[in-house]
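1. Mind looking at a prediction? Sequence and model below.
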There are 2 protein chains.
Amino acid sequence: MLISTKGRYALRILVDMAEHQREGYITLQEVAGRQDISEKYLESIVRELVKGGIVSGQRGKGGGYRLCRPPEKIKVGDILRCTEGSLAPVACLTEGAAPCPRTARCRTLAFWKGLDEVIRRYTDGYTIADMMQSGGDGDDYII
Amino acid sequence: MLISTKGRYALRILVDMAEHQREGYITLQEVAGRQDISEKYLESIVRELVKGGIVSGQRGKGGGYRLCRPPEKIKVGDILRCTEGSLAPVACLTEGAAPCPRTARCRTLAFWKGLDEVIRRYTDGYTIADMMQSGGDGDDYII
DNA sequence: CTAATTCCTATTATAATCACAGGAAAATAG
DNA sequence: CTATTTTCCTGTGATTATAATAGGAATTAG
């Protein structure tokens, strides 16, 4: 299994927020209740999404979170890179990795680059809006 | 980083074996020497490849390992599924997983299925033979 | 001021990964 | 039959990652 609960939950959270969007902010308590995930664990995930510029938070009474962009502009790739750290299949392809001195002689590098590319293309071509139209009648999720 | 050293080393090992194929068997000592990986660790990886029907081992003097099929018939997908256990991005898509009772209502399942599919298509379309023609002058690998 | 809410820093438990060690079993050569 | 080589099998330890929770500081609205 390649993706951790952080990434999986992040998608659920964002679809939930997109579906319950309104004027003002959505509280974590709300989302946690609907998604049946502990508020504290959600917090740590949402914090990453704030850092990544996907949602923004507002403290204090009446505060909460809201999406920074409309759902159709939120790429799943951005979310997963944000919560998983990176989606690169191997260390030498993560952003900011130390350049490998023997790149020129590596038999496997082209394969990994290609895999990275197909994952990137797929995940960046899928948005939260696409997910909203998928599945059944809402509010219940599996993963 | 999604793929463990087991999977990465497995690819190196198999490319090495394919490039040094000959009559008879190749010993782990040979491969370990060329690839600069400990013989003991190689052993645990190659054992998986034996179970997976990718290489076969022969004990005793003159023994070793050899590929079960020509390199152009060994799919990278098969190797990685073998060493990584599964390439499915989420638990509910691994073979033999307990069927999820709320599948019909899941907003994210279609996305994960699609990701699983693109990974499968790519990795199953790439063979050890493809890797042999990649990179530079051989015997040195990075990952 | 008080209540609600995000933000921040730890901590713990569990599991996975990485790697090595020791020896049993099998095959061959002599 | 013996010695040697090599795979096969089981187990272990160190390190790191994941999953989840806890406690409290900072901020805002009323």
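-> Okay, I see it. Residues are numbered from 1 along each chain as shown, chains lettered A, B, ... in the order given.
2. Which residue ranges of chain A form strands?
-> A:55-58, A:64-67 (DSSP state E).
3. Can you pull the residues of chain A lying near DNA strand C?
-> Neighbours of DNA strand C within chain A, by CB under 7 Å from any atom of the strand: A:27-29, A:43-44, A:46-47, A:50, A:56-65. Every residue, glycine included, has its C-beta placed from N, CA and C.
4. returning to what we had before: out of the strands of chain A, which one sits most buried?
-> strand A:64-67 (a mean of 19; mean count of other CB atoms under 10 Å in any protein chain shown).
5. which helices and strands does that one pack with?
-> helix A:5-19, helix A:28-35, strand A:55-58 (3 or more CB pairs under 8 Å, 6 or more residues apart in numbering or on different chains; DSSP states H and E).
6. Could you pull up the residues touching the residue of chain A found nearest DNA strand C?
-> Of all residues in chain A, residue A:57 sits closest to DNA strand C, at 2.7 Å by CB to the nearest atom of the strand. Counting by CB atoms under 8 Å, 6 or more residues apart in numbering or on different chains, residue A:57 makes contact with A:25, A:46, A:50, A:63, A:64, A:65.
7. again, but for residue A:76
-> Residue A:76 touches A:11, A:123, A:124, A:126, A:127, A:128, A:131, B:111, counting by CB under 8 Å, 6+ apart.
8. mind checking how far residue A:96 is from residue B:45?
-> The spacing between residue A:96 and residue B:45, counted by CB to CB, to the nearest Å, is 29 Å.
9. What pLDDT is listed against the most centrally placed residue in chain A?
-> Geometric centre of chain A, nearest residue: residue A:79, 2.3 Å, by CA atoms, centre = their mean. pLDDT recorded at residue A:79 is 98.
10. OK, contacts around the closest residue to residue A:115 other than its chain neighbours?
-> Leaving out its chain neighbours, the residue that sits closest to residue A:115 by CB to CB, 6 or more residues apart in numbering or on different chains is residue A:89, at 5.1 Å. Residue A:89 makes contact with A:112, A:115, A:116, A:119, B:1, B:2, B:3, according to CB under 8 Å, 6+ apart.
11. The fifth one and chain A, how far apart?
-> Right, the one you point to is residue B:1. 5 Å (CB to the nearest CB, to the nearest Å).
12. ok, that residue - how many residues close by?
-> Other residues lying near residue B:1 total 18 when counted by other CB atoms under 10 Å in any protein chain shown.
13. which residues does it contact?
-> A:86, A:88, A:89, A:90, A:91, A:94.
14. Quick one: the helices in chain A, in order.
-> Under the criterion DSSP state H, chain A contains helices at A:5-19, A:28-35, A:39-51, A:76-84, A:109-124, A:128-132.
15. Export those to CSV and append columns for distance to residue B:106.
-> Formatted as CSV, those follow (distance: least, CB to CB, whole Å):
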stretch, distance to residue B:106
helix A:5-19, 9
helix A:28-35, 12
helix A:39-51, 18
helix A:76-84, 15
helix A:109-124, 18
helix A:128-132, 10
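16. hmm, back to that, how confident is the prediction for the residue of chain A closest to DNA strand C, by pLDDT?
-> 97.
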